[in-house]
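Participant: Let me see the structure of the following:
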Amino acid sequence: MPKRTLRRAIEGYRRDEARARVGRWRGEASAESEQEVLSGYAWLARDEGLERLAEAEEEGSLGADEARAMRAQLADLHAERVLGQTRAAWRALPARVLERDGHRVPCGDLVEAVAAPDARANRSLRAAGVRALEQVAADVAPRIRDRQAQASAARAAVLGAAVPDAGSPVALAHAWLAASDDLAQEALARGASCEGLPHPERWEQLAALLSFTGLRGRFGERDRARRVGALFGALGLGRELSFVRIEPPHPSVGGRARLAVLDPTRDVRVSPSRRELGLASELALTEGVGRALGQLLAPAALPFVQRVPVVDHGPRALAALIMQVPFDPAAQQGGRALARERPHLAAAGVSLLALPMRVAAASVVARAEGTRDATVALAQRATGVPLPPALAQLLLAGEVAPPARFLAGLRSLVFWPRLRDAHDEDWFRNPRAAETLRASLAVAAASDGAADVHLPGLWERALVDDDVPVARARMQELLG
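Facilitator: Below is the predicted model of the structure:
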């Protein structure tokens, strides 16, 4: 039957790709690349896969939600045929050797050297490093932008073009950028003051500030997994947490954690970034573990293509909610020392929550507008600092799943006060709140996570422009 053939093939591909990803994290020489895994399922990324889906739909053997999820899987595979080489090049970027004042330095080492707060000590060496990184951005950005455009076209050919409406990610992204411009700058200014640094005026100064070295003692690498696990354990998710495993760090230049879903019911792996960024690394691992738990909380009775969707809207919303916990006033208990640290923690937290969300929003708008000038202007607006055109394009074109990342952040800011009203101000320590979140994730997965994540009894509609002020008020509450 076409349905059974498709189900088995998609599940087989996703499992094989997850195993290969874990192998690459571990540095196994035998680990396959994305393209090598896809070659074993090549028919899924060609017309044959779509023909099998059409046959299954004609037979009436697929429910509407499963059919949409299956089409999304096939669209993603069509895009992967285009993106595979780009992913390999991006993964190899940290090891790429660059010239800096006559010395050959790996790109990853240069990023660390330029972004370090104490890099000011040798200004000429730092300036040379900045020039080298901007040069490699100029080389890489056009290729990534072109591949992204081709991949988007491949997806659209399978899915069909959607007509934006008032509540579309593009309209919401525009509204969020406008609402959060001043708040983001205020958070950076406070953060710079707490760190004893000048307000950032260039991208490398911004990178140095976001290290927030003044908080490294509290958010060091040691015991990080335990601290992150405690956030979710307080909600009564200890059983599911036992199925999340931390893998060796990945070497990509990005700071986010990566996921591999080996079994959506009992085995999800998380690989943190090799880069140590203090509080930013803590938040990245929290996001990764939150997304992993969101996968494990999806109803086991659902078809595989819905339990492991192309875009995990529900798990991302869960992760974004818990990422706020360390900065919420109700979570901060302690004596005078902690009270003195709170303004620093608030400024750092809001900076690190707001910036990725604003970059994702800018990427959503840039992809809709499609011009180079718009991309550069949006990247500069999102970060608050001037950016070379190539670096601006690389920042926004390299953003993975920007609508999902942006909408998850927006939802989490809107959901927080509702959860607080329903379960008290420390709802994140209340197992009853976990039941609300479980129900929400079940609804999101059952409907293919199609951009709307509902909280039964709390939130039963799509996001609209009127929710943006609510989200901003929550971010202002965190900043204090």
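
Participant: which residue packs closest to Asp328, ignoring adjacent ones?
Facilitator: In space, Asp328 comes closest to Leu478 once its chain neighbours are excluded; the distance is 6.8 Å by CB to CB, 6 or more residues apart in numbering. C-beta here means a position set from N, CA and C on the backbone, and glycine is covered the same way.

Participant: in the helix or strand containing the one you found, what counts as buried?
Facilitator: Assigned by DSSP states H and E, Leu478 belongs to helix 467-479. Residues of helix 467-479 classed as buried: Asp467, Val468, Val470, Ala471, Arg472, Arg474, Met475, Glu477, Leu478, Leu479 (neighbour count, 16 or more other CB atoms under 10 Å).

Participant: Same check on stretch 243-260?
Facilitator: Neighbour-count burial for stretch 243-260, counted by 16+ other CB under 10 Å, picks out 243-244, 246-247, 249-260.

Participant: tell me the pLDDT at the residue nearest the centre of the chain?
Facilitator: Nearest to the geometric centre of the chain sits Arg405, at 5.3 Å (CA atoms, centre = their mean). Note on Arg405: pLDDT of 93.

Participant: on that earlier part again, Provide a list of residues in contact with the residue nearest to Asp328.
Facilitator: Gln324, Phe327, Asp328, Ala346, Gly349, Val350, Leu353 (CB atoms under 8 Å, 6 or more residues apart in numbering).

Participant: quick one: which helix or strand includes the fifth one?
Facilitator: Secondary structure assigned from DSSP H and E places Gly349 in helix 336-369.

Participant: State the next helix or strand along the chain beyond that helix.
Facilitator: Using DSSP H and E, the first helix or strand after helix 336-369 is helix 372-383.

Participant: quick one: low-confidence ranges for the stretch 1-150 of the chain?
Facilitator: 1, 101, 116-125 (pLDDT under 70).

Participant: repeat that for 80
Facilitator: For the stretch 1-150 of the chain, the stretches flagged by pLDDT under 80 are 1-3, 84-103, 105, 107-129.

Participant: so where do the helices sit in it?
Facilitator: Remark: helices assigned in the stretch 1-150 of the chain by DSSP state H, counting those that start in this stretch are 2-25, 34-39, 47-59, 64-92, 107-115, 123-159.

Participant: List the buried residues in the last one.
Facilitator: By neighbour count on 16+ other CB under 10 Å, the buried set for helix 123-159 is 126, 128-130, 132-134, 136-137, 140-141, 144-145, 147-148, 151, 154-155, 158.

Participant: swap in the fourth one?
Facilitator: Within helix 64-92, the residues that qualify as buried by neighbour count (16+ other CB under 10 Å) are 65-84, 86, 90-91.

Participant: Which strands and helices lie in contact with it?
Facilitator: For helix 64-92, the packing partners by 3 or more CB pairs under 8 Å, 6 or more residues apart in numbering; DSSP states H and E come out as helix 2-25, helix 34-39, helix 47-59, helix 123-159, helix 304-307.

Participant: okay, these in a markdown table with distance to Arg381 next?
Facilitator: Shown next, in a markdown table, are the helices and strands packed on helix 64-92 (distance: least, CB to CB, whole Å):
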| stretch | distance to Arg381 |
| --- | --- |
| helix 2-25 | 34 |
| helix 34-39 | 33 |
| helix 47-59 | 39 |
| helix 123-159 | 18 |
| helix 304-307 | 36 |
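
Participant: Among these, which comes closest to Arg367?
Facilitator: Proximity to Arg367 (CB to CB) singles out helix 123-159 among the helices and strands packed on helix 64-92, at 7.2 Å.

Participant: mind listing what's buried in the very next helix or strand once past the closest one?
Facilitator: Once helix 123-159 ends, the next helix or strand along the chain (criterion: DSSP H and E) is helix 169-195. For helix 169-195, the neighbour count (16+ other CB under 10 Å) marks 169-177, 179-180, 183-184, 186-188, 190-192, 194-195 as buried.

Participant: Following helix 169-195 in sequence, what is the next regular element?
Facilitator: Next along the chain after helix 169-195, with elements defined by DSSP H and E, is helix 203-209.

Participant: what comes into contact with the helix or strand that that next one is followed by?
Facilitator: Using DSSP H and E, the helix or strand that follows helix 203-209 in sequence is helix 224-233. The set of residues external to helix 224-233 that reach it, using CB under 8 Å, 6+ apart, is 238, 241, 246, 281-282, 285-286, 289-290, 293, 322, 325-326, 428.

Participant: Check stretch 63-83 too.
Facilitator: Contacting residues not belonging to stretch 63-83 are listed as 6, 10, 13, 34, 38, 41, 44-45, 49-50, 53, 56-57, 62, 147-148, 150-152, 154-155, 157-159, 303, 305-306, 309-311, 446-448, 450 [CB under 8 Å, 6+ apart].
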